[in-house]
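**Q** below are the sequence and a predicted model; questions follow.
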Amino acid sequence: MADLRLLSNSLGFDPGGLAPGRDLALDIDIAHGDRLADGVFFHDLLDIAERERIDQLTVGALAAWRSAADPLMSADGVCWPWIWEWDIHRELFQWAHRALGLRRALELHRPDALMLAHEDPIAHELALAVAAPAGLAVSIAPGAAAPRPVVDPPPEVPALTRARRSALRAMRRAGLPSLMRRDSVLFLSYWPLEPVFDAMLARPEWRPAVSPDWLPRGPRRWLGAVRQGGFMGLPTMRDTARAHRQAGELEAHVADVPFVVDGLDLSRPFQRALRKVIADRVGVMARAPVVRRALRGGRARHLVAAFDSDPGARLTVALAREAGVPTTCLAHGAFFVPQTLNDMDVCDQAVVWTEAVAPKMDVRGRPVYSIGYPVPVDPPPQRTSPAPVRSPDVVVMGHYAVAHTAMLDKRLTARSWRVAVEAVRAVLPGSRIVLRPHPFERFATDDPLAGRFGTEGIAVDRATPMTELLARADLVIGGTSVGTLQGALAGCPAVVLNLSGFEWPWPLGHDTSVPVARSAEDLEAILGRFADEGGVPGRQDILDALGVDGRDPVSALLDVLAGRGR
């Protein structure tokens, strides 16, 4: 057997020229997801049972690592490995996932040696860790260059937005003192919280306040909040300098804690990755004194957030609890993909849409309230056609390859686009197709969506508000995202496309009445019935999962915040 060539990612290579057994990619661009031969991407070698096992292994490895690291990497009453748990788990997971996939490739192909196609220190450390037990040599290809990033810089933004961001960066460098009015309610804003935020702005007895790191959309909202409730400030240069010193002290302990997964010692690649986490999160460390200064003296009567897993939000929620400020989290979406970490674990009380779409969390006797879909809606009747539908407007949702589970990958993203587009064109020729990528879904090469499938009757829409986009559509083909459910709110029939190989929770699977396609053939059959009947079943299951039953979610959340939860 010849050497196995290890690619940090597939960018810069002709996907048709890579062969299983000769080439193995640790990462791929989504544009290559359905072009690479099966077996070239490391993830291809892991069946569903092994992927489930990897999820569990990483949870155990993180717990073992933290038991040793927490005492060493705490400062000023803050356990930074716990604050950074999401970031650390993402790094830990991706390298454990790749290491176990590489080990499987070595077992399957039995190469003579490993040769790295890129000059990539972390991938090199990973290869050494996996190859050493197998007695294989590791080398770097002559002339190897650093890998191209899988995600390019963000696109150009409007001049007004650039100016606003520039002003905010200048304030961040200089710092900004907090101004919290007495009895204010501090918001770490996110879209599900905007309706209750607007309701507070309209009522003088409420005093919503904002944080520059989580501003609500639109200057009207955040300027109104500054006048009414105030704002949390930004770190001073002294705060930032102190955070840099603390980060250096924490980094000195990185090498003191080993990291082992399923018998593989991955300490060296993980430690390289962890140093980057610390360097990237100095800004979070600098916020700690800002939060403490803003919340001391009892000015804030409540803190409201949409999650407490993000490091900045976790720090703020934790320090609010330290200051005796009650904290509430409202779930920020519908949770269907496997979860290896909990959300909403830190707050004093949790608010969910319904139990069916709630995140995984440790209740611990805390109050948990269900208020339904947090944006007030009066769903119109589901649109049906009295005649067969032959050329509808179809929205196709993107499947995001989340970074904290082995169950979903970039192959799924690419294959779902292709299967959906080909099925619509085969069964509903002349249809107008709108591709809607997930908000976190970006591409490293030229847009692989509309350009990939041609320009005839197809477009990419990343900007139109989801409910507005769906209100104009005749059908949505979706996956594990809130967008799939929002079709029901707009009266738009929904079809679920699940090519993952495992069953999704209700209402996207199991005993749902929503049509679920698990193959191209399934989808074509469902689209055929839609064409003949002008609609699909399942809307009520989606509305039930969202908790849309005539309740006013804004009033319910205000009652929770006022201590009248029910």
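**A** Great, that's in hand.

**Q** mind listing what's buried in the helix or strand where I526 lies?
**A** Here I526, judged by DSSP states H and E, is contained in helix 520-533. For helix 520-533, the buried set under the neighbour-count rule, 16 or more other CB atoms under 10 Å, comprises 520, 522-524, 526-527, 530-531. The way it works is simple: take the backbone N, C-alpha and C, and place the C-beta from them, glycine included.

**Q** so which of the residues you listed is the closest to N9?
**A** Closest to N9 out of the buried residues of helix 520-533 is A520 (27.4 Å), distances taken as CB to CB.

**Q** now the stretch 151-300 of the chain, which segments are flagged as low pLDDT?
**A** Counting by pLDDT under 70, the stretch 151-300 of the chain contains low-confidence residues at 151-165, 167-172.

**Q** which stretches of it form helices?
**A** With DSSP state H, counting those that start in this stretch as the definition, the stretch 151-300 of the chain shows helices at residue ranges 159-174, 194-201, 219-228, 237-251, 267-280, 282-295.

**Q** so for stretch 46-62, mean pLDDT?
**A** Predicted confidence along stretch 46-62 averages 95 (mean pLDDT).

**Q** buried ones in it?
**A** 46, 51-52, 54-55, 57-59, 61-62.

**Q** just stretch 374-389 next, same as before
**A** Residues 374-375, 377, 382-383, 389 are the ones in stretch 374-389 that count as buried (16+ other CB under 10 Å).

**Q** quick one: which of these sit in helices?
**A** Residues from the buried residues of stretch 374-389 lying in helices, with DSSP state H as the criterion: none.

**Q** which residues does F453 contact?
**A** The contact partners of F453, by CB atoms under 8 Å, 6 or more residues apart in numbering, come to 417, 421, 433.

**Q** go again using 10 Å as the cut-off
**A** Residues near F453 by CB atoms under 10 Å, 6 or more residues apart in numbering: 417-418, 421-422, 425, 433, 435.

**Q** and it, how far is that from G16?
**A** 18 Å (CB to CB, to the nearest Å).

**Q** please apply the same query to L26.
**A** Using CB to CB, L26 is found at 19 Å from G16.

**Q** who's more crowded, the two?
**A** For L26 versus G16, the count of surrounding residues by other CB atoms under 10 Å is larger for L26: 26 against 10.

**Q** pretty sure that one sits against H97.
**A** Yes. L26 sits in contact with H97 when judged by CB atoms under 10 Å, with a separation of 9.3 Å.

**Q** okay, and the common contacts of those two?
**A** Contacts common to L26 and H97, judged by CB under 10 Å, 6+ apart, are 42-43.

**Q** surely D409 is in contact with R98?
**A** No. In this structure, D409 sits apart from R98 without contact. The criterion is CB under 10 Å, and the distance is 11.6 Å.

**Q** shared neighbours of those two, anything?
**A** Applying CB under 10 Å, 6+ apart, one finds that D409 and R98 are jointly contacted by 42-43.

**Q** out of the buried residues of helix 520-533, the closest to M397 would be?
**A** Of all the buried residues of helix 520-533, M397 sits closest to L523, with 13.3 Å by CB to CB.

**Q** who's in contact with the closest one?
**A** Contacts for L523 (CB under 10 Å, 6+ apart) come out as 416, 419-420, 422-424, 426-427, 477, 495-497, 499, 515-517.

**Q** quick one: the strands in the stretch 1-150 of the chain?
**A** Taking DSSP state E, counting those that start in this stretch to define them, one finds strands in the stretch 1-150 of the chain at 4-7, 23-25, 74-75, 78-79, 113-116, 137-140.
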